[in-house]
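K.L.:
Compute the structure for the input listed below.
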Amino acid sequence: MDRNFKIPFALAILSIALVGCSSNKTKEVKVKPNPLPKVAQASSLVQVFSTNVSATNSEDALRIRLDSDNGVVFALDPKGEVAAYKGKQRLWEAKVTKQGLSSGVEAADGLVIVGNQKGQLFALDQSTGEKKWSAQLSGAIISSALIQSGRVIVVANDGTVYALDVESGQQAWTYKLPNASFSLRGQATPVRLDDRTVLIGTSTGYLFAIDSIAGVPRLQRRVAVSEGRSDIQRLIDVDAEPVVSGQYVVTTSFQGQVTVLDLASQSVLWSENSSSLNRPEVVDGKVIVSQTDGKIVAYDLITGNELWKNEQLLNRNLSNVVALGSSLVVGDLDGYLHQVDLNTGATLGRTKTSGEVRTLRVVDNQLFVSTRKGALSIWQNR
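P.N.:
The predicted structure follows:
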């Protein structure tokens, strides 16, 4: 039985914000989001696709996302459906399960992979939406799978990594990651390092490199260190995907650090205090991180020196930052998409979608946006 205690991110933030404790009362500090900053120009973003699915619970950590393969876009509805679109035309829609869906979509090798809170993983045919196979895992699936080298790699929320045969769904191997007894409810998506190695972050502040064929660890390194006293203050979950840039791997952690590993020496190149649950962006020799307090900070990839800091969006529950064209994009709690100058951090322009922005991705020079309200959209520069 899995006895690890998982708490929603919102509850952790609330607990940290409780001050003025006495024997009979506790005072909650309410932090207001910064007002929207003035912008220098109109947004260059144009929406080219949108669809709406069911909203996710405001207390949940789910990061529902779109994916695409061979020019077809695949969207998941938390109520249990998956749909495929070519341009604005819907090609098919399939009811996958009555138990709902909770992972992002992974589309590759002719399959669409989705999972749910009951630990059920489903593989659908990309062309028809027909269910090819399903598998029962040991815990909730709240992050996307990775298809690589004939395997479907997925992490259950109890910390068990599964590798399933892409054709049959038969289990090839499992690997149990170390799990903290007290952690945030979230899980990083596996990330490809090379043709037969995947990277996975853990709730204990470690990064694992696992052989996707054999299921054995090739590397494990601590990338986050706790400095707190209470259980909540000691949370250092690595819930965001690591980013590979040449010989370097960049990670972020909650109440921990942004860390760069040098794969050539298998050692930490540098590490700076930074709390984030969001995937970092690495572009033009810079590491850009949106922190839990709303700061956006850029570091030099090699030295770790701070290059700039944007504090105009404090307490706006920022999404991850992505590079699109010559600028950066980040989303916030009110559904705004802010464009930020890559070299200076200045806020340039903004546009709006519907609902708190949870996940941004750039696929084929297009911006894929997912919100808590269930608004899924694709944008591109004019």
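K.L.:
C-alpha only now, for contacts and for neighbours.
P.N.:
Will do.
K.L.:
How far off centre is stretch 40-53?
P.N.:
Taking C-alpha atoms, centre = their mean, to the nearest Å, the mean C-alpha location of stretch 40-53 is offset from the chain mean by 21 Å.
K.L.:
just stretch 374-382 next, same as before
P.N.:
Relative to the chain's own centre, stretch 374-382 is displaced by 18 Å; criterion: C-alpha atoms, centre = their mean.
K.L.:
mind listing the helices for the protein?
P.N.:
Counting by DSSP state H, residue ranges of the helices within the chain are 9-16.
K.L.:
Pick out the least confidently modelled helix or strand of it, by mean pLDDT.
P.N.:
Of all the helices and strands that make up the chain, strand 18-19 has the lowest average by mean pLDDT, DSSP states H and E, namely a mean of 44.
K.L.:
Now do the contacts for the residue nearest in space to the middle of the chain.
P.N.:
Among the residues of the chain, the one closest to the centroid is residue 240, at 4.8 Å (C-alpha atoms, centre = their mean). The neighbours of residue 240, taking C-alpha atoms under 8 Å, 6 or more residues apart in numbering as the test, are 187, 188, 189, 201, 251, 252, 253, 277, 278, 279, 280.
K.L.:
Buried ones only from those, please, as a ChimeraX command.
P.N.:
Applying 16 or more other C-alpha atoms under 10 Å to the contacts of residue 240 leaves a buried subset, and the ChimeraX line that selects it is:
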select :187,188,189,201,251,252,253,277,278,279,280
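K.L.:
And for the nearest residue to residue 121 once chain neighbours are set aside, the neighbour number?
P.N.:
The spatial neighbour of residue 121 that comes closest, neighbours along the chain excluded (C-alpha to C-alpha, 6 or more residues apart in numbering), is residue 115 at 4.3 Å. Taking other C-alpha atoms under 10 Å as the criterion, the count of residues near residue 115 is 34.
K.L.:
how much space between the closest residue to residue 123 other than its chain neighbours and residue 342?
P.N.:
Closest residue to residue 123 apart from its sequence neighbours, by C-alpha to C-alpha, 6+ apart: residue 113 at 4.7 Å. In this structure, residue 113 and residue 342 are 34 Å apart, going by C-alpha to C-alpha, to the nearest Å.
K.L.:
Specify which residue of the two has the higher count of neighbours.
P.N.:
Relative neighbour count places residue 113 above the other of residue 113 and residue 342, with 27 against 21, counting by other C-alpha under 10 Å.
K.L.:
which residues touch the more buried one?
P.N.:
With contact set as C-alpha under 8 Å, 6+ apart, residue 113 has these partners: 105, 106, 107, 121, 122, 123, 124, 144, 145.
K.L.:
How about residue 258?
P.N.:
When contacts are counted by C-alpha under 8 Å, 6+ apart, residue 258 touches 223, 224, 250, 251, 252, 271, 272, 273, 274, 275, 289.
K.L.:
Swap in 7 Å and give it another go.
P.N.:
Contacts for residue 258 were tallied using C-alpha atoms under 7 Å, 6 or more residues apart in numbering; they are 251, 252, 271, 272, 273, 274.
K.L.:
Tell me how far it lies from residue 289.
P.N.:
Residue 258 sits 8 Å away from residue 289, taking C-alpha to C-alpha as the criterion.
K.L.:
what does residue 326 give?
P.N.:
Taken as C-alpha to C-alpha, the spacing of residue 326 relative to residue 289 amounts to 17 Å.
K.L.:
Comparing those two, which shows the higher neighbour count?
P.N.:
Higher neighbour count among residue 326 and residue 289: residue 289, with 29 against 10, using other C-alpha under 10 Å.
K.L.:
so that one makes contact with residue 299?
P.N.:
No - look at residue 289 against residue 299 with C-alpha atoms under 7 Å: they stay out of range, at 8.5 Å.
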